[in-house]
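>>> Here's a sequence, model it:
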Amino acid sequence: MLARDITYTDFFTEEERTEIFYFNLTKAELIKMSVKVDGGMQKYLETIIAEEDQDKLLEEFDKLVLAAYGERQEDGRFLKSPEVSAKFAQTAAYQVLIEKLITEANYAAEFVLGAFPANAELEQVVKEKILPVAPETQAAIPPPPTSYSSPSV
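Numbers count the residues shown, from 1 in each chain. Prediction:
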């Protein structure tokens with residue numbers, strides 16, 4: 001589970017606001033996504049990154065963000081649905097998040113590692129392909145978050 005503080009400008013009031021948004025993909029959700037693409041999710045992400053196809057990368061980040069987004073409920077549930085995702089996609093916070101994911105490799109890597117279930121292969125793809133880090137400095141990359149985190153956007 002990844003909790004993200006996102007600061008954005010409200011469409012109507014033009015006031016700056018900061019809210020916490022939650023993202024999580026379960027192992028079952030990741031498996032369902034992986035079987036839909038040739039070679040699984042890791043291979044698919046590697047291919048998109050290697051092709052340097054920004055349109056395809058943006059499309060995939062959009063799918064991943066909306067699949068991972070949910071609303072924390074007071075009874076401890078994490079509510080996810082197409083309606084909940086569509087509602088989030090219509091916010092200024094969503095626009096800020098997508099822009100950061102596309103323009104900042106470290107932010108994108110942290111998002112993927114925090115929102116996805118622990119997966120050694122995926123972590124390796126992130127470290128080798130998403131992060132612009134030389135192999136000798138990869139040891140300095142922090143491990144994925146193990147609890148709620150709220151770094152500001």
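>>> now the helices: where do they sit in the protein?
With DSSP state H as the criterion, the chain has helices at 27-35, 40-51, 54-68, 82-89, 92-103, 105-115, 120-125.
>>> average model confidence for the shortest one?
The predicted model gives helix 120-125 an average pLDDT of 67.
>>> Around residue 110, how many other residues sit close by?
Around residue 110 there are 23 other residues, counting by other C-beta atoms under 10 Å. Heads up, the C-betas are built off the backbone N, CA and C, glycines and all.
>>> next one: residue 45
Quick note: residue 45 (other C-beta under 10 Å) scores 21 neighbours.
>>> so it makes contact with residue 60?
Yes - using C-beta atoms under 8 Å, residue 45 makes contact with residue 60 at a distance of 7.3 Å.
>>> list the residues that contact both of these two?
In terms of C-beta atoms under 8 Å, 6 or more residues apart in numbering, residue 45 and residue 60 are not both contacted by any residue.
>>> picking that back up, right, and the helices of the chain - which one's nearest residue 17?
Residue 17 lies closest to helix 92-103 among the helices of the chain, at 8.2 Å (C-beta to C-beta).
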